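K.L.:
return a 3D structure for these sequence lines:
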Amino acid sequence: MTTTLYGIRNCDTMKRARAWLDARQLPYALHDYKSAGIELATLERWSREVGWERLLNRSGTTFRKLPETQRADLDEHRARALMREQPSMIRRPVLEKCGTILVGFDPAAYAAALQSASPARP
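P.N.:
Numbers count the residues shown, from 1 in each chain. I've put the predicted structure just below:
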């Protein structure tokens, strides 16, 4: 059961999430949007599970620099296209394990999700 942490390697929030996982010796694969991009099917699945509004990072500089015509009246299709074209518009990190998807870094949510997704140890 692989844990995958999606985001941008040098993002401060990503660094905190990775440090949290490393401190607990929890193995994970890192998927860096800058080098690997993001599959449309992955964005569609995440949108169904957590909602495109939760995924879209409206507070980031990439989104704020868009022309108003691109930011106005967003719908799911247009938002996914923007996130696919510029993955830095995806809120970070996205952690995925055993069907659980967490958006953003919250240590309590990580602890609860990773504990419940891990097999019990004797």
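
K.L.:
can you show me the helices along this structure?
P.N.:
With DSSP state H as the criterion, the chain has helices at 12-23, 33-36, 40-50, 52-55, 61-64, 68-71, 76-85, 107-117.

K.L.:
quick one: closest of those helices to V94.
P.N.:
The closest of these to V94 is helix 40-50. By Cβ to Cβ, the value is 6.7 Å. In this view, the C-beta of every residue, glycine as well, is placed from N, C-alpha and C.

K.L.:
I'd like the average pLDDT over the closest one.
P.N.:
Mean pLDDT, computed over helix 40-50, is 94.

K.L.:
packing partners of that helix?
P.N.:
With contacts defined as 3 or more Cβ pairs under 8 Å, 6 or more residues apart in numbering; DSSP states H and E, helix 40-50 has these neighbours: helix 52-55, helix 76-85, strand 100-103.

K.L.:
what about the longest one, distance to the chain center?
P.N.:
Its chain's average C-alpha position is 14 Å from that of helix 76-85, according to Cα atoms, centre = their mean, to the nearest Å.
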